[in-house]
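[1] Predicted model and sequence follow; I will ask about them next.
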Amino acid sequence: MSATTRTGRLTLAASAEMLFTELPFVERVRALDERGFQVEIWDWTAKDLDALAATGATFSSMTGYVTGNPTDDDGIAELLATAEQSLRAAEVIDSPRLNLHGTGLDGKGLPVIPREVVSPADWLTAAKTLERVAAFGERYGRVFTLENLNTAVDHPGAPFARAADTLALVAAVDSPHLRLNLDLYHAQIGEGNLIDLVERALPFIGEIQVADVPGRCEPGTGEIAYPAIAAALRRIGYTGVVGLEGWARDSTEDALAAFRAAFEVTAV
């Protein structure tokens, strides 16, 4: 296994779901690892976890639930049960972080139960559910991350989607075992003002994910000034993982090179 890519104090990861897509999945993982990136995966139920572990790759994150949502009784039961299943799966590949959303998503990324309006009671119930999820994380020594989404392009009807929403929930729970997966692609579409956002969210960030807008490809293909964001991350002292969760506009090699170059400004 090659050394993990670091640019200054940052660790770079990349999604095996969206890159090297011409390869079988295990070979995608191996290819990213050989190029020095940690690896992110989504639905673990469709993967041969033992084969992934055998690659020797370092996994940054994986999906932390299979079904369910944090607000209704049946959804809560499913979320908690599949979160615990996910924790056991995470042990196989030693993934430190497990990713959640504010609702269950189908295979197209659409909410299983769309909800345009979230009531105050829903907010309280979601926070209590996430407290229980964080307790699972503490028991297993792992961290759940709650990801913001966008409702304009990719996930219409998803509740608790904005970064402001996920930040409020994570801050309310205030556990080191529940952090933010701050996705800047989604945040640019939904909110913008990204440097201010990372500054406000810093105490609660577990990971940052990136892709450019529009198109959800690598940095440099759209409107986001990622070198400026990278400089801001260095200034505010962020020392965690930045993951490329985007498609390659042309080739994966070019996408990874552009991703690495965008964050080299953080080198010490």
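    Looks like it arrived, so ask away. Since the model is a prediction, treat every value here as computed from it, not as a measurement.

[2] mind listing what G220 touches?
    Counting by Cβ atoms under 8 Å, 6 or more residues apart in numbering, G220 touches 212, 226, 258, 261-262. Glycine gets a C-beta too; all of them are placed from N, C-alpha and C.

[3] I'd like the residues you listed as CSV, with neighbour count appended.
    Shown next, in CSV, are the contacts of G220 (neighbours: other Cβ atoms under 10 Å):
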residue, neighbour count
D212, 24
Y226, 23
A258, 20
A261, 16
A262, 25
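
[4] now, which of these lie within helices?
    Mapping the contacts of G220 onto helices (DSSP state H) picks out 226, 258, 261-262.

[5] List just the nearest of the residues you listed to L178.
    L178 has its nearest neighbour among these in Y226, at 26.8 Å by Cβ to Cβ.

[6] so the closest one makes contact with V213?
    No: the pair Y226 / V213 is not scored as a contact, 10.8 Å apart, by Cβ atoms under 8 Å.

[7] ok so, going back, out of the ones in helices among the contacts of G220, which comes closest to L52?
    Nearest to L52 among the ones in helices among the contacts of G220, with distances taken as Cβ to Cβ, is A258, at 26.0 Å.

[8] From the contacts of G220, pick the one nearest G36.
    Nearest to G36 among the contacts of G220, with distances taken as Cβ to Cβ, is A261, at 13.8 Å.

[9] where's that closest one relative to E147, distance?
    Using Cβ to Cβ, to the nearest Å, one gets 25 Å for the distance from A261 to E147.

[10] Touching both of Y226 and V213, which residues are there?
    Here Y226 and V213 have no joint contacts, going by Cβ under 8 Å, 6+ apart.
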